[in-house]
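Asker: quick one, structure for this:
(chains A and B)
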Number of protein chains: 2
Amino acid sequence: MRLNKTGEFGLIEIFKKMSRLDRSVIVGPSDDCAVLRFNAKEYLLYTCDMIIEGVDFVSKDKPELIGRKALAVSLSDIAACGGTARYAVVSMGLPKKFIGKAQRIAKGLFDLAKSYKVNVVGGDLSRSSRLTIDVSMLGVVKKNKLVLRSGARPGDIIFVTGKLGRSILGKHLTFTPRLKESRFLVNNFKINSMIDISDGLTQDLNHILKASRVGAVIYEALIPKSRVARSLNDALYGGEEFELLFTLSRKDAKRLAFKKKQIFKPIGEIVSKDYGFKLIDKNNKEVSIKPDGWRHF
Amino acid sequence: MRLNKTGEFGLIEIFKKMSRLDRSVIVGPSDDCAVLRFNAKEYLLYTCDMIIEGVDFVSKDKPELIGRKALAVSLSDIAACGGTARYAVVSMGLPKKFIGKAQRIAKGLFDLAKSYKVNVVGGDLSRSSRLTIDVSMLGVVKKNKLVLRSGARPGDIIFVTGKLGRSILGKHLTFTPRLKESRFLVNNFKINSMIDISDGLTQDLNHILKASRVGAVIYEALIPKSRVARSLNDALYGGEEFELLFTLSRKDAKRLAFKKKQIFKPIGEIVSKDYGFKLIDKNNKEVSIKPDGWRHF
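Answerer: Numbers count the residues shown, from 1 in each chain, chains lettered A, B, ... in the order given. The predicted structure is shown next:
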């Protein structure tokens, strides 16, 4: 599955080029969510994610977990922007072989929606050869709490939530969208940039670097690799972790460290763009990183 | 393709049963759009529609028309509620064989978005075995202009826009979403109920009858059958016409007739629920209607 010009990033380029956006659009198709004018204190967040049988799950996965994942990936996008999830609509392409499982798929989705207080307000059902679920979600974020990919500054410390490298072992179906952690962060610190790890740690950090026009150095010894991860590569490059990757000033990073929340781990530092994107390995050797990760094509 | 309990209407039942909606949801999954609290004067409209290769179009259809249709079906939902379309996000499942056509699909979609001033603010791209496009759309509607399926009253005259029976001949790819007509109607008349014809005239009228707890009588001689339609059945039962079907008081209906807008045609009358749903055929014979139409399964 090699990326090409019509891969996801290619399509986003087409979208950016073709889309005519009026002044009510604060952020268009370039971040985890679009950001729209809403009211005096808040912005509206708007996102969509499609999951497809054979790509994002397989037909023998538990139906409840498939439905759960369909909603969870959008929740993760709302978390990445510092927001609160509010509404969702769900389109489903349902093959004959899944008809008997439709209720269980719906239950997985609605149970998660309930626990995050998301109103599922509409849906569309079609026949399909492979099970396909697309969730579009609306959230809200206080204007002064909005976090984008583009705010990282040299000197920022880079943090990640949770432990990496388990996605391929099943965590992609069971992960907890980091809305609670996101709320804690934006309510207590000035988070300069944030993204959720969907394409892989290095690739998603690279999205921040590009959007913020900065470089980064990360330390192999600091990467919070899961005990059960097969290799460091799974932690560095594995997609669909749905952990938060964020940056904040050194001063705020110290305050965060004092909170002793085990879930937040520093992994490196934002530096100037000229420095590029480097990994310091366990032998203290500097390695240039080719941002890699999940290839949609 | 027979409807069964897990067909679209079955899923909507599951949604209605499972969904927990807070008080900011004015209308949940029961109309063309969900209706959400927004600001002092307006509601937010929220809808989604998925189109799939082999069901809603075939692979040899013009790529521009496929992209156009993906957006047009959601525009039609916004029109059915009396609103103005504002924002959309687009998820696409793209098979290898369509990669070379992605730009043309996007062009069809964006050209239509531009002409209706819709901001396409986000997207998601995946691999897929069949081309699948899901568009979620946000619109706004003035609170006093919102039209639902549930407002039809005995004595209302039933109208339809345009001519029916051409969908299967290709109109499903080229139809004009009736936003202009919808705006004209809600700005000049009290429209009691409205729906877009996606499942077929009789089936969609039946949605209005059920939601409004009323009956109807329609006249075969009045059905605006296209000159090229193959049969009356195509006009009565054919899905994906995307014309507006609406009801308004006899008094307003007379005013509408005076406007001499050829596009609005009366086809019958709303009556009491006890009367049921009847067609008066060309021999003046009363026929009970089995609401039929597009079956998703």
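Asker: measure the most centrally placed residue in chain A to A:Glu243 for me?
Answerer: Chain A has A:Asp196 as the residue nearest its centroid, 2.4 Å off, counting by Cα atoms, centre = their mean. Distance check for A:Asp196 against A:Glu243: by Cβ to Cβ, to the nearest Å, it reads 7 Å. (Glycine included, C-beta is placed from N, CA and C.)
Asker: now the common contact residues for those two.
Answerer: Taking Cβ atoms under 8 Å, 6 or more residues apart in numbering or on different chains as the contact rule, the neighbours common to A:Asp196 and A:Glu243 are A:Arg178.
Asker: okay, A:Glu243: pLDDT?
Answerer: A:Glu243 carries a pLDDT score of 97 in this model.
Asker: ok, now A:Arg230?
Answerer: Predicted confidence (pLDDT) for A:Arg230: 83.
Asker: could you do A:Lys261 as well?
Answerer: Listed pLDDT for A:Lys261 reads 75.
Asker: how about the residues of the stretch 101-250 of chain A by chain B?
Answerer: Residues of the stretch 101-250 of chain A lying close to chain B by Cβ under 8 Å from any Cβ of the partner chain are A:102-103, A:106-107, A:110, A:113-114, A:117, A:119-130, A:132, A:134, A:136, A:138.
Asker: break chain A down into its domains, please.
Answerer: As given by automatic domain parsing, the domain ranges for chain A are A:8-144, A:147-288.
Asker: winner for burial among these?
Answerer: domain A:8-144 (a mean of 21; mean count of other Cβ atoms under 10 Å in any protein chain shown).
Asker: how far out from the middle of the chain is it?
Answerer: Distance of domain A:8-144 from the chain centroid (Cα atoms, centre = their mean, to the nearest Å) equals 12 Å.
Asker: tell me the mean pLDDT over that domain?
Answerer: 93.
Asker: quick check: A:Pro63 touching A:Gly100?
Answerer: No: counting by Cβ atoms under 8 Å, A:Pro63 does not reach A:Gly100; the two are 9.2 Å apart.
Asker: just to check, A:Gly215 is in contact with A:Ser288?
Answerer: No: look at A:Gly215 against A:Ser288 with Cβ under 8 Å: they stay out of range, at 10.8 Å.
Asker: shared neighbours of those two, which are they?
Answerer: Shared contacts of A:Gly215 and A:Ser288, counting by Cβ under 8 Å, 6+ apart, come down to A:276-278.
Asker: just the strands from the stretch 1-150 of chain A, written as ranges.
Answerer: Ranges of strands in the stretch 1-150 of chain A, per DSSP state E, counting those that start in this stretch, are A:25-27, A:34-37, A:42-52, A:84-94, A:119-127, A:132-142.
Asker: any chance of these in JSON lines, plus distance to B:Arg250?
Answerer: Formatted as JSON lines, these follow (distance: least, Cβ to Cβ, whole Å):
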{"stretch": "strand A:25-27", "distance to B:Arg250": "44"}
{"stretch": "strand A:34-37", "distance to B:Arg250": "41"}
{"stretch": "strand A:42-52", "distance to B:Arg250": "41"}
{"stretch": "strand A:84-94", "distance to B:Arg250": "36"}
{"stretch": "strand A:119-127", "distance to B:Arg250": "33"}
{"stretch": "strand A:132-142", "distance to B:Arg250": "40"}
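Asker: nearest to B:Thr174, out of those?
Answerer: strand A:119-127 (20.4 Å; Cβ to Cβ).
Asker: within its sheet, name the partner strands of the closest one and how each one runs.
Answerer: In the sheet, strand A:119-127 lines up against strand A:84-94 (parallel) (DSSP bridges).
Asker: give me the angle between the strand it pairs with and strand A:42-52.
Answerer: With axes from the mean of the first three to the mean of the last three Cα atoms, to 10 degrees defining the directions, strand A:84-94 sits at 30 degrees from strand A:42-52.
Asker: give me the phi and psi for A:Lys225.
Answerer: When quoted as degrees, to the nearest 10, the phi and psi of A:Lys225 stand at phi -80, psi 130.
Asker: list the contacts for it?
Answerer: A:163-165, A:232, A:234-235.
Asker: nearest to chain B among those residues?
Answerer: A:Asp234 (21.2 Å; Cβ to the nearest Cβ).
Asker: hang on, that closest one packs against A:Lys163?
Answerer: No: between A:Asp234 and A:Lys163 there is no contact under Cβ under 8 Å: 11.0 Å.
Asker: ok, back up a step: okay, and which of the shared contacts of A:Gly215 and A:Ser288 map to strands?
Answerer: A:277-278 (DSSP state E).
Asker: mind putting the domains of chain A in a markdown table, distance to B:Lys282 included?
Answerer: Converted to a markdown table, the domains of chain A look like this (distance: least, Cβ to Cβ, whole Å):
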| stretch | distance to B:Lys282 |
| --- | --- |
| domain A:8-144 | 36 |
| domain A:147-288 | 58 |
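Asker: list the beta-bridge partners for A:Ser136.
Answerer: A:Cys48, A:Val89.
Asker: so it makes contact with A:Val89?
Answerer: Yes: judged on Cβ under 8 Å, A:Ser136 makes contact with A:Val89 at a distance of 5.3 Å.
Asker: quickly list what's touching both of those two.
Answerer: B:48, B:136.
Asker: follow-up on the earlier one: B:Lys171 is nearest to which of the domains of chain A?
Answerer: Comparing these under Cβ to Cβ, the one sitting nearest is domain A:8-144, at 19.4 Å.
Asker: biggest helix in chain A by residues?
Answerer: As assigned by DSSP state H, the longest helix anywhere in chain A is helix A:63-80.
Asker: so what secondary structure elements neighbour that one?
Answerer: strand A:42-52, strand A:84-94, helix A:102-115, strand A:132-142, helix A:171-174, helix A:179-188, strand A:191-196 (3 or more Cβ pairs under 8 Å, 6 or more residues apart in numbering or on different chains; DSSP states H and E).
Asker: what residues does the shortest one touch?
Answerer: Applying Cβ under 8 Å, 6+ apart, the external contacts of helix A:171-174 come out as A:56-57, A:61-62, A:65-66, A:68-69, A:240-242.
Asker: dump it to PDB, restricted to CA.
Answerer: Extracted in PDB, the C-alpha atoms of helix A:171-174 (Å, rounded to 0.1, in the frame of the first residue of the first chain):
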ATOM      1  CA  LYS A 171      -5.900  -1.800  20.200                       C
ATOM      2  CA  HIS A 172      -7.200  -0.100  17.000                       C
ATOM      3  CA  LEU A 173     -10.600  -1.700  17.800                       C
ATOM      4  CA  THR A 174     -10.600  -1.100  21.600                       C
END
